[in-house]
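K.L.:
sequence first, then the predicted structure, then my questions.
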Amino acid sequence: MDTVLVNPGGREKIYQSLGNDLTAVEPPLWCRLIGGYLLNRDYNIEILDTEALDLGAESLAAEIEKMDPRLVTIVVFGHQPSASTQQMVGARDAAAAIKKLNKNRKVIIVGGHVSALPERTLKEEPIDFACNGEGPETIAGLLGLADEDWSNNERLEEVPGLVWWETTDKGKVLQTPPAPVQKDLDNEFHGNVWHMLPMEKYRAHNWQCFEDLSKRQPYASIYTTLGCPYKCVFCCINAPFGKNSYRMRSPSAVIQEVDHLYHQYGVKTFKIIDEMFVLNDRHVREICEGLASKPYAHELNFWAYARVDTVKEDMIALLRSAGIRWLALGIESGSDLVRDGAEKSFSEDEIIKIVERIQQGGISVIGNFIFGLPDDTIASMGATLELAKKLNCEFANFYSAMAYPGSRLFNLALENDWELPDSWSGFSQHSVDCKPLPTESLSGAEVLQFRDQAFHEYFTNDRYLDMVTQRFGTATRHHIEEMSKTRLKRLIVDHTVVPV
């Protein structure tokens, strides 16, 4: 066994009780991509998705000992860019348990968070190597060396994107430049390792199946592009790529993958994991036309990300015919000033207009809103909540502004000495120790308190619940009413730390 690719768990620390049933359990994209790259080079690999398998750290370590790989690769990309940092909680637990059982077991960690803080990660985590970059060439380069070369600085310097302790001076960290990003997404980053995953374990978010809550499984997430050309101040998506980038798979490869998952595993419910699916007009149209031509197109239930300014009116019908039933829009704020600060330069009228047209086209909308952006005040956050209620989207995500490592907000936080979370779990939106950024006029505690109250105000609003009843039926309404009874436990309340 050359390497085991580990998707770390820790869902209970990240989501509290929400992780038990409401959140999705997704196939790990970057385990798939790195795994496919290594299989192309005839390396003997396995994937352990501890989140899907519900494996604790000790059980994972025991499995690793049985498999006896030359190298353990812990992959902490997460299912969205902001999830990488919070995945470090499970990654640390996994690495510590592996080292406790066998201190000589070699461990490397790779991911968006790691690329943002490579040297710090090596110094703080119980690992032997860290990766600065996407990962596949780094892992393959390390596996291409003999085991004895892993303690030879000159040989390790041949491996791109590698971060390690200097072998004769344990107080010194050495790094090699990151490998170039992968360009051939169809052949090198195909991710066609579905047979190595516990496909029966994956499930969709509850909201994606509001029309029929019994259809959350089987489920899969796929990608059609990597990266994002935009530069939102709060986003860290491009940390492992070294710069803003946007790479596309061929539409034919995407359609073939959907075909395979539909026929081989019976998957009809999908997530398109792209940070921005609805962007390149030709790319989106070719994929949608290909999917719409399938005899099973009417059975498909996709959700994907878009921007208010990328969804063209003449595209909506095509998206729906391809099985796109949900679009997530980054609306962020109800304040023009705050939106401009977040580099979202569209007006409230434009937002209302495009949301209505998407809904009229038979596609449900998830509105994503952020409280606590740098220019936010109580009044502007109130305007954001009022805009959310006015839009009355079929679902809404309310986030607190976080300075994720790899984002410009993180750099601003360091430059201005803003208070950051005490641990990586504090970067999770739903964790007990969640600690949002303060604004010029608000503490992180005030932002978090507003966010949590806004969530309950939105989902218990009669106008929203009546719309849900009309769109999805009384069973879904009752499901949401039960969901909104869950109150997240928080450590910071009213400027103080209180026992939970």
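P.N.:
Perfect, thanks for sending it. Owing to the predicted nature of the structure, the values given are computational and were not obtained by experimental measurement.
K.L.:
where does pLDDT dip in the stretch 301-450 of the chain?
P.N.:
In the predicted model of the stretch 301-450 of the chain, residues 335-345 satisfy pLDDT under 70.
K.L.:
go again with 80.
P.N.:
In the predicted model of the stretch 301-450 of the chain, residues 332-346 satisfy pLDDT under 80.
K.L.:
Ile47 belongs to a strand?
P.N.:
Yes - under DSSP: H, G, I helix; E, B strand; the rest coil, Ile47 sits within a strand.
K.L.:
and the pLDDT at the residue nearest to the spatial centre of the chain?
P.N.:
Compute the mean C-alpha point of the chain, and by C-alpha atoms, centre = their mean the closest residue is Gln80, 1.4 Å away. Looking at Gln80, its pLDDT is 71.
K.L.:
mind listing what it touches?
P.N.:
273, 275 (C-beta atoms under 8 Å, 6 or more residues apart in numbering). C-beta coordinates here come from the backbone N, C-alpha and C atoms, glycine included.
K.L.:
how much space between it and Tyr404?
P.N.:
Gln80 is 11 Å from Tyr404, where distance means C-beta to C-beta, to the nearest Å.
K.L.:
quick check, Cys288 in a helix?
P.N.:
Yes - applying three-state DSSP, one finds Cys288 inside a helix.
K.L.:
which non-adjacent residue is nearest it?
P.N.:
Ala322 (3.7 Å; C-beta to C-beta, 6 or more residues apart in numbering).
K.L.:
kindly report the same for Phe427.
P.N.:
Thr85 (4.5 Å).
K.L.:
how close does the one you found sit to Cys31?
P.N.:
18 Å.
K.L.:
between these two, point out the one with more neighbours.
P.N.:
Thr85 (30 against 26; other C-beta atoms under 10 Å).
K.L.:
tell me how far the longest helix along the chain lies from the chain's centre.
P.N.:
Taking DSSP state H as the criterion, the chain has its longest helix at helix 83-101. From the chain centre to the centre of helix 83-101 is a distance of 17 Å (C-alpha atoms, centre = their mean, to the nearest Å).
K.L.:
how far does whichever helix or strand comes after it sit from the chain's center?
P.N.:
The first helix or strand that comes after helix 83-101 along the chain, using DSSP states H and E, is strand 107-110. On the basis of C-alpha atoms, centre = their mean, strand 107-110 sits 19 Å off its chain's mean C-alpha point.
K.L.:
relative to Asn153, how far out is the residue of the chain most remote from its centre?
P.N.:
Residue farthest from the centre of the chain, counting by C-alpha atoms, centre = their mean, is Thr168 at 38.1 Å. According to C-beta to C-beta, Thr168 and Asn153 sit 7 Å apart.
K.L.:
and for Gly444?
P.N.:
Distance from Gly444 to Asn153, counting by C-beta to C-beta: 43 Å.
K.L.:
when these two are compared, which one has more neighbours?
P.N.:
Gly444 (24 against 14).
K.L.:
mind telling me what element Tyr246 is part of?
P.N.:
strand 245-248.
K.L.:
and that strand, which strands flank it?
P.N.:
Each strand that pairs with strand 245-248, with its direction, by DSSP bridges: strand 225-228 (antiparallel).
K.L.:
contacts for the partner strand?
P.N.:
181, 185, 189, 235, 237-238, 241, 244-249, 274-277, 279-280, 283.
K.L.:
using PDB, write out every CA atom in it.
P.N.:
C-alpha atoms of strand 225-228 as PDB (Å, rounded to 0.1, in the frame of the first residue of the first chain):
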ATOM      1  CA  THR A 225     -14.800  23.900 -12.900                       C
ATOM      2  CA  LEU A 226     -12.100  24.600 -10.300                       C
ATOM      3  CA  GLY A 227     -11.300  28.000  -8.800                       C
ATOM      4  CA  CYS A 228     -13.000  31.300  -9.200                       C
END
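K.L.:
so that it lines up with my notes, have the first residue be 56 from now on.
P.N.:
Done: numbering now begins at 56, and the last item shifts to strand 280-283.
K.L.:
pLDDT averaged over that strand, what's the number?
P.N.:
The model assigns strand 280-283 a mean pLDDT of 88.
K.L.:
which residues are contacting the strand holding Tyr301?
P.N.:
Contacts for strand 300-303 (C-beta under 8 Å, 6+ apart): 236-238, 240, 279-284, 293, 331, 334-335, 338.
K.L.:
now that we have these, which of them are buried?
P.N.:
Buried members of the contacts of strand 300-303, scored by 16 or more other C-beta atoms under 10 Å, are 236-237, 240, 279-283, 293, 331, 334-335, 338.
K.L.:
what are the buried residues along the strand holding Tyr301?
P.N.:
301, 303.
K.L.:
repeat for stretch 125-141
P.N.:
125-134, 136-141.
K.L.:
how far off centre is that stretch?
P.N.:
For stretch 125-141, the distance to the chain centre is 10 Å (C-alpha atoms, centre = their mean).
K.L.:
give me the below-cutoff pLDDT ranges for the stretch 56-205 of the chain.
P.N.:
Across the stretch 56-205 of the chain (using pLDDT under 80), the flagged ranges come out as 64-77, 133-138.
K.L.:
now the helices for it?
P.N.:
Remark: helices assigned in the stretch 56-205 of the chain by DSSP state H, counting those that start in this stretch are 66-70, 84-95, 105-108, 112-122, 138-156, 167-171, 173-179, 191-198.
K.L.:
tell me the most buried of these?
P.N.:
Of the helices of the stretch 56-205 of the chain, the one with the most neighbours on average (mean count of other C-beta atoms under 10 Å) is helix 167-171, at a mean of 28.
K.L.:
if we can go back for a sec, including distance to His534, could the helices of the stretch 56-205 of the chain go into CSV?
P.N.:
Formatted as CSV, those follow (distance: least, C-beta to C-beta, whole Å):
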stretch, distance to His534
helix 66-70, 17
helix 84-95, 28
helix 105-108, 23
helix 112-122, 32
helix 138-156, 24
helix 167-171, 33
helix 173-179, 40
helix 191-198, 41
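K.L.:
right, and those helices - which one's nearest Leu217?
P.N.:
Evaluated over those, closeness to Leu217 peaks at helix 191-198, with 5.6 Å, by C-beta to C-beta.
K.L.:
which other helices and strands contact the closest one?
P.N.:
helix 84-95, strand 126-130, strand 162-165, strand 184-186, strand 217-220 (3 or more C-beta pairs under 8 Å, 6 or more residues apart in numbering; DSSP states H and E).
K.L.:
so how far is it from its chain's centroid?
P.N.:
24 Å.
K.L.:
what comes into contact with that helix?
P.N.:
Here helix 191-198 makes contact (C-beta under 8 Å, 6+ apart) with 57-58, 88-89, 92-93, 96, 98, 125-126, 128, 163, 165, 184, 186-187, 205, 213-217, 234, 237, 243-244.
K.L.:
change it to 7 Å
P.N.:
For helix 191-198, contacts defined as C-beta atoms under 7 Å, 6 or more residues apart in numbering pick out 57-58, 89, 92-93, 96, 98, 125-126, 128, 163, 165, 184, 186, 213-217, 234, 237.
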